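Enquirer: could you look at this predicted model? Sequence included:
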Amino acid sequence: MKALRIHAYGGPEVLRIDQIPRPRPAAGEALVRVAATSFNPADISLRSGAFATMLPLDLPHTMGMDLAGTIVGDAGPDFAHGDPVVAFVPPNLAGAAADYVAVPVALLAHAPTTVPLIEAAALPSAGTTAWQALFEHGRLAGRQRVLVNGAGSVVGGLAVQLAFAAGAMVDGFAGPMSVDRVRGYGAVQVFDYTAMTVGQAEPAAYDLVVNLAPTPATELAPLVRTSGRLVTATTDIEARDERIAAVRMAAHPSREVLRKLVAAVDAGRLRLHVAGARPLADARDVHVAREPGKTLLLP
Ligand SMILES: NC(=O)c1ccc[n+]([C@@H]2O[C@H](COP(=O)([O-])OP(=O)(O)OC[C@H]3O[C@@H](n4cnc5c(N)ncnc54)[C@H](OP(=O)(O)O)[C@@H]3O)[C@@H](O)[C@H]2O)c1
């Protein structure tokens, strides 16, 4: 089968399509025929070695943290041959940028039924990040005020929708091309970051600020009300602000979260922002010329 792998850390040129044997699922794993994976910004850091100290890869490594595909053969009581499934495959395992992947059954969820299976590959890691930012690290509950900085990003768009569905009053910072889309997700106020800086937003106004943009945490902390929370998925917390709780998060796979995300998609509460679909062979281009929205990668 073919697999998009890296044999060494480096630029986009280290991405290559290899012919390798189809994986044999170990105990507790399922074999999945891949319909699609998707590109994540973290793929650039995984490929370049920027994450290597924190997260050394077992090289050669098959890329692809998002999986949408169909079960092949026996996969335990919850899944039958041919079932459409999704998973967030952590980067310490061989990924889903291949014809087939062996995945721990504990990471699998049934795919949404209301979107094409390939588009479901836009959901697992981005949706899990948005969910964990809001509800685990952010402890969002009820009618709180939330600011999503980077609301135009894939994770940001999902975070706005999930927070809105949970009853929050959501504001966002997004680029001019994304402002209307983010409003359509239920945001109350969407600030154009090319016209206004985060420093010009209302101070101490938000119960929760989620950072999905390259904005320093020190610029966002003043927007959080006393005893509120700042969750950043991008920049480090360089200085503590004693008024607030600040968390630098790293998303981790969770079947429970994935099931909730799938249910939200099927209930029409969560729309996926798909930029397009490209063959795995285009991965080098996808790593260089990034489009707004999720780029699906098809084996
Ligand atoms: N820590 C974790 O566990 C974790 C997990 C997933 C993702 N992340 C990180 O979260 C970020 C978002 O991920 P993603 O997959 O959603 O990426 P993405 O869709 O590629 O995000 C890119 C978008 O971010 C927006 N953006 C860029 N600079 C901005 C700024 N200064 N202010 C506001 N928005 C800005 C732009 O949208 P517009 O200009 O169109 O608004 C841009 O299109 C990435 O940095 C990613 O590495 C972290």
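Expert: The structure has been received and is ready for your questions.

Enquirer: buried set for stretch 111-126?
Expert: 111-112, 115-126 (16 or more other CB atoms under 10 Å). Every residue, glycine included, has its C-beta placed from N, CA and C.

Enquirer: oh, I was asking about stretch 276-289
Expert: Buried residues in stretch 276-289, counted by 16+ other CB under 10 Å: 277-278, 280, 282-284, 286-287.

Enquirer: repeat that for stretch 249-264.
Expert: 249, 251, 253-255, 257-258, 260-262, 264.

Enquirer: filter the buried residues of stretch 111-126 down to the ones close to the ligand.
Expert: residue 126 (CB under 6 Å from any ligand atom).

Enquirer: circling back to that earlier point, could I get the buried residues of stretch 249-264 as TSV with pLDDT?
Expert: Output for the buried residues of stretch 249-264, formatted as TSV (pLDDT from 0 to 100):
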residue	pLDDT
249	98
251	98
253	98
254	98
255	98
257	98
258	98
260	98
261	98
262	98
264	98
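
Enquirer: buried residues, stretch 179-197. List them.
Expert: 179, 181-183, 185-187, 190-191, 193.

Enquirer: show me what contacts the residue nearest the centre of the chain?
Expert: Computing the C-alpha centroid of the chain and ranking residues by CA atoms, centre = their mean puts residue 126 first, at 1.5 Å. Counting by CB atoms under 8 Å, 6 or more residues apart in numbering, residue 126 makes contact with 38, 40, 66, 154-155, 158, 294.

Enquirer: three-state assignment of it?
Expert: helix (DSSP: H, G, I helix; E, B strand; the rest coil).

Enquirer: that one and residue 158, how far apart?
Expert: As judged by CB to CB, to the nearest Å, residue 126 and residue 158 stand 6 Å apart.

Enquirer: what does residue 178 give?
Expert: In terms of CB to CB, residue 178 sits 13 Å off from residue 158.

Enquirer: show me which of the two is the more surrounded one.
Expert: Shown here are residue 178 and residue 158; by other CB atoms under 10 Å, residue 158 has more neighbours (32 against 23).

Enquirer: contact partners for the more buried one?
Expert: 126-127, 129-130, 270.

Enquirer: on that earlier part again, and the two most separated of the buried residues of stretch 111-126?
Expert: The span of the buried residues of stretch 111-126, defined through CB to CB, is set by 116 and 125 at 18.6 Å.

Enquirer: which parts of this structure are helices?
Expert: 42-48, 124-131, 154-165, 179-184, 217-220, 255-266, 283-288 (DSSP state H).

Enquirer: between those helices, which one is closest to residue 32.
Expert: Evaluated with CB to CB, these place helix 124-131 nearest to residue 32, the distance being 12.4 Å.

Enquirer: what pLDDT does the closest residue to residue 92 other than its chain neighbours get?
Expert: Sequence neighbours aside, residue 55 is the residue nearest to residue 92 in space, at 6.8 Å (criterion: CB to CB, 6 or more residues apart in numbering). Predicted confidence (pLDDT) for residue 55: 94.

Enquirer: what does residue 68 give?
Expert: Residue 68 is given a pLDDT of 99.

Enquirer: what does the domain assignment say about this protein?
Expert: Here the domain parsing of the chain from automatic domain parsing is 2-123+272-298, 126-248.

Enquirer: residue 103: how many residues sit nearby?
Expert: 28.
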